[in-house]
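S.K.: Next come a sequence and a model predicted from it.
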Amino acid sequence: MGLRTSFIATNPSLLTTTVRGRVLAPRAIAEPPQDLTEWFGPGQKFGPQNPAHPAEKPYSNLELKKNKVEFDKKDSGQLTEPIRSELFNDEIKITPSAVNILKHHGSYQQQNRDLRSNRQEMEQSYQFMLRLKVPCGVTTPEVYRVLDDLATEYGQNDLKATTRMAWQLHGVKKGTLKHVVKTIREAGSNTLGGCGDINRNVMTSPATFETPAYQEMRKYASILAEVMAPQSDAFSNIFLDGEKQATIQYWNRYINGVDITELANFDNGRGIMTGHNEEPLYGKTYLPRKFKIAVTVEGDNSLDLYINDLGLVVIMEEDGKTLKGFNVMVGGGMGRTHKKETTFARAADHLGFVTPDKVVELCKAIIATQRDHGNREVRANARMKYLVHTLGIDKFRNLVEEYFGEKIEPMVPMKPWKFSDWLGWHDQENGKWFKGFWVSSGRIRDQGGVNVKTALRTLVDEINCDVVLTPSQNIIVSNISPEQKDRVDEILASNGIVTDEKTLTPLHEGAIACAALPLCGLAITEAERVLPQYIDRIHGLMDKMGLGDVDMIFRMTGCPNGCGRPYMAELGLVGSGPDTYQIWLGGTRELDGVGYTYLDMVKSKDLEATLEPVFALYKMRRKVNEGFGNFCKRVGKVQIANFAQKYVPGSYKDIVDGKNVMVGQGKNKSIKVDADLHARMKALAKKNKMTMQQFTTKILMEGTFGMEP
């Protein structure tokens, strides 16, 4: 039974389903008021100015004068103008309105900000970045060869693996943009939906295991990528000369014959579908802001599930072979603005559980809820996280249920979360293997003796492997036969790429940096270009302090928009000025919650001095097997700040490492340490004229280290 068929079979009339005892019949709504018809397309009944179901919120979506993007979308003819008019003229750039619409087709206009001192060169530096749609992060060898060739001939001779497992191709000139986009589509990929106020790239765990759970993960991620794609003909009219390409997008291999058209167009009569003739789900003005979806397997949080607008967790039956359903999370998001408290990073809430036959319809209901009720008056508050925050998760759930037509079941228990970026060799459990390797900030290029671009092209040409992008901007090559493993390692090593993940520092695996300068127009300071230096500096300090073996997720970003997901990291740096960063602490290695701002304006040159007391306190008071992020979350900002204020630089040398301290149980509790440490403590206690009990209490409870050594 197909997904749509089974949904209808279990809901034959959709008139008798109940939510907490209430009968939910389709709500009859009149045509939108005459003065609002400009915001509705042909046949459209529902949308932000006329929601299918009411909800109390502090805005009406009628006062849109301050949100120019809404007007640009309204006047675009379903994402057609002014791109079609401007893309083929003699100008080297396009207007701001065209920029807003072009994003939906997967492209940003950029300038090289390193040229700001030369106005003429700066003006001539206009170029376009293309972001591909890459569901599950998987790229076939055929598509990768095309991308590699395009980057060489029409780009800046590199590719960028993004934090959402998508490819970016930088440096494309306006005159060649159409050709590059068309070539990508003809190869079986796409840029439509790479950016814009629609569903973005659907993420999954990058692990290419061929177990039932991971297969279901890739299947439903690919289904959602297709169902949530815009249906406008604008893309084909502008970039493909109006032709519908016969080439099947390669991620359809995971879908197994599911009828996407039926799923996308099914109307349950409850306002999920707007009635718009061309964009039945999105309507004339699409979504208030970008929308991000991720799908994973329980226990595998290698993709930062909680930062997404919508997250799904595959739940299998006890036999491990049968799909039971999905746990659903909603309302995550990273973007914020410095000194604007109405904007904030937020981890997703738990919404509930849904069976496989109903999961697509529930996801459409969530999209429709955000479409009708997301804040279109203030673009900075347009993401769904603000709607969930404003209503609260219970009222949000009730509202989604109005669209969905039935009660959302409670979440089912899940395995504990674990982060991994899957570096090294792993058995796919189908007779083949995958290999993950570290790439600095996801930049696929040949530089400084590390020839990632040459290595990947050689692997694809010789091994014919898939290339998988990871959420931490690293690379996996998959479907490797056992006899090819040595050759893969040989190709990587000969191109200067680390093949043994054990030779990397513990900071490398989860390290992320956004692109930042020179091409990002929002960047306040550096990120990608300085990430290797910061990894070396931070790990150098930790190693000096006896913490060199500590696993820690470190991320940095050039502005507060959070593309590098610094707010979830155990240690995050967020650009707040030239060579200046906010420091964020308290995210955990499980990546299930947002941290907190520790300091606002820390100069790069002061980084080690700022972090030393934080690491010192961690070393002293950590519990056995307690990670840095969990420690900072437990202790809190105030205690860390108070300790840092009293801290004497260098006194970490006399710290008793908390992981070596064992408190005995029973009536007479004791503290056990190893012999060498006991001898040092005894000597220090004697020099400071204290008993061992007094000295130990002072160390463990007061955290003062200004004593005579």
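M.R.: The structure has been received and is ready for your questions.
S.K.: chain center to the helix or strand in which Cys632 is found, what's the gap?
M.R.: Using DSSP states H and E, Cys632 falls within helix 628-635. Here the centre of helix 628-635 is set off from its chain's centre by 23 Å, with C-alpha atoms, centre = their mean, to the nearest Å.
S.K.: after that helix, next one along is what?
M.R.: Using DSSP H and E, the first helix or strand after helix 628-635 is helix 637-646.
S.K.: Where does Leu599 sit: helix, strand or coil?
M.R.: strand (DSSP: H, G, I helix; E, B strand; the rest coil).
S.K.: how about it, what does it touch?
M.R.: 582-583, 610 (C-beta atoms under 8 Å, 6 or more residues apart in numbering). C-beta: built from backbone N, CA, C; applies to glycine.
S.K.: As a markdown table, those with secondary structure, neighbour count and pLDDT would be great.
M.R.: Converted to a markdown table, the contacts of Leu599 look like this (DSSP: H, G, I helix; E, B strand; the rest coil; neighbours: other C-beta atoms under 10 Å; pLDDT from 0 to 100):
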| residue | secondary structure | neighbour count | pLDDT |
| --- | --- | --- | --- |
| Gln582 | strand | 21 | 98 |
| Ile583 | strand | 22 | 98 |
| Thr610 | helix | 15 | 98 |
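S.K.: can you put these in TSV and add distance to Met692?
M.R.: Formatted as TSV, the contacts of Leu599 follow (distance: C-beta to C-beta, whole Å):
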residue	distance to Met692
Gln582	41
Ile583	36
Thr610	33
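S.K.: In the stretch 301-450 of the chain, where is pLDDT below threshold?
M.R.: Scanning the stretch 301-450 of the chain for pLDDT under 70 picks out nothing.
S.K.: What ranges does it have for its strands?
M.R.: Applying DSSP state E, counting those that start in this stretch to the stretch 301-450 of the chain gives strands spanning 310-316, 323-330, 349-354, 424-427, 433-437, 443-444, 446-447, 450-451.
S.K.: do the stretch 551-700 of the chain as well
M.R.: 554-557, 571-577, 580-585, 596-603, 662-663, 671-672.
S.K.: Can you give the distance of the third one from its chain's centre?
M.R.: In other words, strand 580-585. Distance, stretch centre to chain centre, for strand 580-585: 19 Å (C-alpha atoms, centre = their mean).
S.K.: The fourth one now?
M.R.: Taking C-alpha atoms, centre = their mean, one finds strand 596-603 lying 23 Å from the centre of the chain it belongs to.
S.K.: In that strand, which of the residues would be classed as buried?
M.R.: Buried positions in strand 596-603, judged by neighbour count with 16 or more other C-beta atoms under 10 Å: 597-599, 602.
S.K.: ok so, going back, hey, least reliable of the strands of the stretch 551-700 of the chain by pLDDT?
M.R.: For the strands of the stretch 551-700 of the chain, the weakest mean pLDDT is recorded on strand 662-663, namely a mean of 50.
S.K.: circling back: can you put the strands of the stretch 551-700 of the chain in a markdown table and add distance to Leu469?
M.R.: Formatted as a markdown table, the strands of the stretch 551-700 of the chain follow (distance: least, C-beta to C-beta, whole Å):
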| stretch | distance to Leu469 |
| --- | --- |
| strand 554-557 | 17 |
| strand 571-577 | 21 |
| strand 580-585 | 25 |
| strand 596-603 | 30 |
| strand 662-663 | 43 |
| strand 671-672 | 47 |
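S.K.: Return the helix or strand in this protein with minimum mean pLDDT.
M.R.: Of the helices and strands making up the chain, the lowest-confidence element is strand 22-23, at a mean of 38, by mean pLDDT, DSSP states H and E.
S.K.: Pull the helix or strand following that strand out as CSV, backbone CA atoms only.
M.R.: Using DSSP H and E, the next helix or strand after strand 22-23 towards the C-terminus is helix 68-74. Extracted in CSV, the C-alpha atoms of helix 68-74 (Å, rounded to 0.1, in the frame of the first residue of the first chain):
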residue,chain,number,x,y,z
LYS,A,68,10.5,44.0,1.1
VAL,A,69,11.1,40.4,0.3
GLU,A,70,7.4,39.6,0.7
PHE,A,71,6.6,42.2,-2.0
ASP,A,72,9.4,40.8,-4.2
LYS,A,73,8.0,37.3,-4.0
LYS,A,74,4.4,38.6,-4.6
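S.K.: Which elements pack onto helix 68-74?
M.R.: Applying 3 or more C-beta pairs under 8 Å, 6 or more residues apart in numbering; DSSP states H and E, one finds that helix 68-74 contacts helix 96-102.
S.K.: which outside residues touch the helix it packs on?
M.R.: Applying C-beta under 8 Å, 6+ apart, the contact partners of helix 96-102 are 68-69, 72-73, 75-76, 79-83, 86-87, 94, 108-109.
S.K.: And stretch 374-392, by the same measure?
M.R.: 48, 55, 57-61, 63-64, 66-67, 69-70, 285, 287-291, 309-310, 330-333, 335, 337, 340, 342-343, 346, 348-349, 366, 369-370, 373, 396, 399.
S.K.: Next, the buried residues of it.
M.R.: 374-379, 381-391.
S.K.: Stretch 546-554 now?
M.R.: Judged by neighbour count (16+ other C-beta under 10 Å), stretch 546-554 contains these buried residues: 547, 550, 552-554.
S.K.: contacting residues for Ser302?
M.R.: 205-207, 296, 419-422, 470-472.
S.K.: hmm, I was thinking of Lys502
M.R.: By C-beta under 8 Å, 6+ apart, no residues touch Lys502.
S.K.: So it, which state does it fall into?
M.R.: Here Lys502 is helix, with the state taken from three-state DSSP.
S.K.: Need the per-residue pLDDT for it.
M.R.: The model's pLDDT for Lys502 equals 77.
S.K.: Compute the distance between it and Gly424, please.
M.R.: To Gly424, Lys502 is 8 Å away according to C-beta to C-beta, to the nearest Å.
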